[in-house]
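# This is a predicted model, with the sequence first.
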Amino acid sequence: MKAVEVLGTIDEKGQLFLDRAIAEFPPSRVRVIVLFSEVAEEVEIDPDDTPIAEVKASLRRALQEAKAGKTRPISEMWEGIDVE
């Protein structure tokens, strides 16, 4: 057996919903082990935790733009930003 870790939510009906799809495997039956936080509070998902797929897509776009010469000098990057 192979293990995959993914977060999810259990709704009021006891249904489990995963935060992301598990696309690496073909459709099949699985064994699920649910781990609950010992803290009574609901676990919050970090809003700054960008999904890996989104980060990879952004990096690919940036690399394509760099290869195509669509870059800006670093000296221009701070223009319009009010830094204290």
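Received it, and whenever you're ready, just let me know what you need. Remember, it's a predicted structure, so these values are computed and weren't measured experimentally.
# what comes into contact with whichever strand or helix holds Val55?
Element membership for Val55, per DSSP states H and E: helix 52-67. Residues from elsewhere that reach helix 52-67, judged by Cβ atoms under 8 Å, 6 or more residues apart in numbering: Thr71. Where you see a C-beta, it was placed from the backbone N, CA and C, and this is true even at glycine.
# ok, 10 Å please
The contact list for helix 52-67 (Cβ atoms under 10 Å, 6 or more residues apart in numbering) reads Arg20, Ala21, Ala23, Thr50, Pro51, Lys70, Thr71, Arg72.
# Same check on stretch 70-83?
For stretch 70-83, contacts defined as Cβ under 10 Å, 6+ apart pick out Ala62, Gln64, Glu65.
# at 7 Å instead, please
Contact partners of stretch 70-83, identified using Cβ atoms under 7 Å, 6 or more residues apart in numbering, comprise Glu65.
# Kindly export that stretch (C-alpha atoms) in PDB.
Output in PDB follows, covering the C-alpha atoms of stretch 70-83 (Å, rounded to 0.1, in the frame of the first residue of the first chain):
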ATOM      1  CA  LYS A  70       9.800  40.000 -21.500                       C
ATOM      2  CA  THR A  71      11.700  41.100 -18.400                       C
ATOM      3  CA  ARG A  72      11.900  44.400 -16.400                       C
ATOM      4  CA  PRO A  73      15.000  45.800 -14.800                       C
ATOM      5  CA  ILE A  74      15.000  45.300 -11.000                       C
ATOM      6  CA  SER A  75      15.300  49.100 -10.600                       C
ATOM      7  CA  GLU A  76      11.800  49.500 -11.900                       C
ATOM      8  CA  MET A  77      10.200  46.800  -9.700                       C
ATOM      9  CA  TRP A  78       9.900  49.200  -6.700                       C
ATOM     10  CA  GLU A  79       8.300  52.000  -8.700                       C
ATOM     11  CA  GLY A  80       4.900  52.800  -7.300                       C
ATOM     12  CA  ILE A  81       5.400  51.000  -4.100                       C
ATOM     13  CA  ASP A  82       5.400  53.100  -1.000                       C
ATOM     14  CA  VAL A  83       8.000  51.700   1.400                       C
END
